[in-house]
Structures are given as structure tokens and as C-alpha cells.
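1. Fold the stuff below for me.
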Amino acid sequence: MSKPRVLITRKIFPEWIDEVKSVADVDLWEDELPPSREILLEKSKGIDGILCLLTDKIDSEFMDNAGSQLKVISQIAVGFDNIDISEATNRGIPVGNTPDVLTATTADATWALLMSAARRITESERFVRRGDWKTWHPLHFLGQDIHSATIGIIGMGRIGFEVAKRANGFGMKILYYDTNRRKDLEEKLDMEYVDFNTVLTDSDYVSLHTVLSEETYHLIGESEFKKMKKTSILVNAARGPVVDSQALYNALKNGDIWGAGLDVTDPEPISKDDPLLKLENCVIVPHIASATVKTRFEMSKISAQNLINGITGEPLVTCVNPEVY
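-> Just a heads-up that it's a prediction; the model follows:
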């Protein structure tokens, strides 16, 4: 009897590719760049399962193209805005993701961005590498204090709460906004639920941890930047399109806000000619918030196990749409 066929759209830890190979015939896309739409559709014909990334659009066209035997969609990420969940659910296809394992790691990275932007770490490091450091100067690379400042967190989910816990260690005042007030988390940590505008107007640091949806697309734009303090710093470790990139550039260039730290951009990857890259007060890294050896290993493990469970008829380890069962 032939094995099920699966498509893995990027290299993951080889141990887990081998695990999948023990139960399925694997078509592994080995290029560094994602497959084009045409290639993705071509390779998906007749597959029983897919292990995909945020860069792969998994919609009704993809599912039709794959065929009615498609049993599972396993994503190596927490977010799943690239997948049509309702369509998958209607077809009885479970969708897996990798929550929890990257929560603390992403919160750590958020703080790395926040601190780099506040203390001008990357800017001053480039200064040293250029050979421009001639002497200590009282007015060189003045940044913003983090201790005792106010942080405003937009999106109080798992990652937002981990960011808040770290803020507590800096003696910061913690404000947060979410569509649902989290009194259960307020009992664990001294933080204040406020409305969206208050987060913008009262915070020294605004940290974004929302999902990407129609409601959060360009959640932060020109009018929001105008409400923020001129000394404030925006950190985005959520999704690039949550922020209007042109409005962010204008706000940084015109001094409406003091700085920004971005793990994600819109578009992603960011073009080498993007004007944001010309600004010294904007720290940008290539979507690396979950990029530690331990975390990415666990993400590989969970996504591989979800794929295996799906093609063998077992419940997924982590399922986005459990109603399919």
C-alpha cells in the first residue's frame, strides 16, 4: 500500500522531516525563498497534507487544486492569516499551528527591539564600525529611559502578557488595550485596562501584539501617530500590515514619534529601497522574534506531529479549528 503524499514548503529541523518520512512520501521545497503560487499549486495536486508557512496562501483555490483527499494543513507559526480557516472547516480539514512554544521567546525579542530603539543600540554600533568613535561625548547618542516609563500593550494575549511581565521588572507602569478586558491577568500583574486612545496618548512605548484581521489592518496610521508622544517608541512584533508603513515613515521623519522597532514589515520582506531603511531611528530585523534554536526546534516538532496526526487520522496536537472533530 502506497504512503500518503505530503508537501513541506520549507526546510525544518531534519529530525522532524525524517519523522514525517516514516509515514509519508515527502515533497520538500528546499529553496530559501518560498515557492511561487504556480509552483505551490502544481506541487499540491493530490497531496494528503501540507506543512506550510505564513508566506503560503492556503485558500479555496489551493484546496480545490489539492483535491478532496487533503486531510490536514499544518502551519509552522502561531498566526494563520494566510489560511482560509472557514473554508478548511467547511471541508472538514483540521488546521494546526504552533502556539505557546514561541510565546516567551517572542516576548524576549520584543524587548530586544524596544531596548535597541530606546538606547540607539544599532545606530551607535554602526557608528563604531564606521570608525567614527573618536571620544566619549556628553551629548552623543542620547536615548530614552526604560525604567519607570509607561508601556502600552495593544493585544493582551499570551505574548502581550509575557511582555507585560518583563515590563514589571523595569518598574514600568503597564497600560493595555484588548477587545476583551483580561481581569484574570490583571489579578496576576499590576496593569491597567484603558481604551485604545489612552494607550496611544499616555504611553512612552507602544507594543503591538494583535492578530492581523480586517479590523486590525492599518490599526496604527497617521491619526494614531499624531496622538502619541513625540518621545514615544512603537514596537511591532505582530504583523506588518497592522501598521501603515508610509504613515510610520512620515511620523518618524517628521518627529511625531521618537523611534520604532520592527520585527515585521509591510511588505515582507521589506524592499532594500524602502525609505524606512534610510532612517536611523527605526530598527528593523527580518521576522526573527521566534528565532532561537530551542523554539524553532519545538515549532518543527509540533508542526511535523500535526502533519503526521492529520494524515493518520489522529487529532492534531494543536488545532485552530477543533470544531472539525
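2. Mind listing what's buried along stretch 268-278?
-> 270, 274, 276 (16 or more other Cβ atoms under 10 Å). Glycine gets a C-beta too; all of them are placed from N, C-alpha and C.
3. by contact count, what packs against the helix ranked longest in the chain?
-> When the chain is parsed with DSSP state H, its longest helix is helix 293-311. Here helix 293-311 touches strand 5-8, helix 14-21, strand 49-52, strand 72-75, strand 95-96, going by 3 or more Cβ pairs under 8 Å, 6 or more residues apart in numbering; DSSP states H and E.
4. Can I get these in TSV including mean pLDDT?
-> Below are these laid out as TSV (pLDDT from 0 to 100):
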stretch	mean pLDDT
strand 5-8	98
helix 14-21	98
strand 49-52	98
strand 72-75	98
strand 95-96	98
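5. Just send the ones you listed back as JSON lines, with distance to Glu298 too.
-> Shown next, in JSON lines, are those (distance: least, Cβ to Cβ, whole Å):
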{"stretch": "strand 5-8", "distance to Glu298": "17"}
{"stretch": "helix 14-21", "distance to Glu298": "10"}
{"stretch": "strand 49-52", "distance to Glu298": "15"}
{"stretch": "strand 72-75", "distance to Glu298": "14"}
{"stretch": "strand 95-96", "distance to Glu298": "14"}
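6. Ile151: which of the ones you listed is closest?
-> strand 72-75 (29.7 Å; Cβ to Cβ).
7. do you know how far Ala107 is from Asp84?
-> According to Cβ to Cβ, to the nearest Å, Ala107 stands 29 Å off from Asp84.
8. And the two? Which one has more around it.
-> Ala107 (24 against 20; other Cβ atoms under 10 Å).
9. so what pLDDT did Val242 get?
-> Listed pLDDT for Val242 reads 98.
10. right, and it touches Val206 too?
-> No - between Val242 and Val206 no contact is recorded; they are 11.4 Å apart, counting by Cβ atoms under 8 Å.
11. that older thread, adding mean neighbour count and distance to Glu187, write the helices and strands packed on helix 293-311 out as TSV.
-> Formatted as TSV, these follow (neighbours: other Cβ atoms under 10 Å; distance: least, Cβ to Cβ, whole Å):
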stretch	mean neighbour count	distance to Glu187
strand 5-8	24	42
helix 14-21	16	38
strand 49-52	29	38
strand 72-75	29	32
strand 95-96	26	31
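12. between these, which one is nearest to Glu224?
-> Nearest to Glu224, of all these, is strand 72-75, at 29.6 Å by Cβ to Cβ.
13. Dump that closest one to PDB, restricted to CA.
-> The C-alpha coordinates for strand 72-75 follow below in PDB (Å, rounded to 0.1, in the frame of the first residue of the first chain):
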ATOM      1  CA  VAL A  72      -4.600  18.300   7.100                       C
ATOM      2  CA  ILE A  73      -3.000  21.800   6.900                       C
ATOM      3  CA  SER A  74      -0.100  22.200   9.400                       C
ATOM      4  CA  GLN A  75       1.400  25.600   9.800                       C
END
